[in-house]
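Colleague: Give me a model of this one.
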Amino acid sequence: MTILHGDQKSYFSPFLTAIETAQYLRLAPRTLANLRWNGRGPEFRKHGSRVFYHVDELIKWSENRRRRTSPGDLYS
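Modeller: The predicted model follows:
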């Protein structure tokens with residue numbers, strides 16, 4: 001999570017960079033970039049030329065990928 005320090009006050013920013021997001025989701029940064037490029041990753045925002053992800057959208061994206069089995073489990 002990003003904590004910004006300014007004017008001797010600390011506050012939480014819900015916007016994570018791509019590197020922070022990859023760490024948060026436990027993905028390789030390149031995997032996250034590929035998911036973004038393919039349109040299969042979490043929703044993101046562009047602030048200028050930089051990509052940011054909102055924590056709430058990461059949770060929503062992850063929750064939508066919950067599975068009880070995977071195709072590989074059917075053949076084990």
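
Colleague: In the protein, what helix or strand scores lowest on average pLDDT?
Modeller: Ranked by mean pLDDT, DSSP states H and E, the weakest helix or strand in the chain is strand 2-6, scoring a mean of 57.

Colleague: Count the neighbours of the residue nearest to A18 when sequence neighbours are not counted for me.
Modeller: On the basis of Cβ to Cβ, 6 or more residues apart in numbering, the spatially nearest residue to A18 that is not a chain neighbour turns out to be V51, at 5.2 Å. (Glycine included, C-beta is placed from N, CA and C.) Here the number of neighbours of V51 (other Cβ atoms under 10 Å) works out to 17.

Colleague: which residues does V51 contact?
Modeller: By Cβ atoms under 8 Å, 6 or more residues apart in numbering, the contact set of V51 is T17, A18, R36, F44, R45.

Colleague: Of these, which pair is most distant in space?
Modeller: Using Cβ to Cβ, the pair of the contacts of V51 lying farthest apart is T17 and R36, separated by 12.6 Å.
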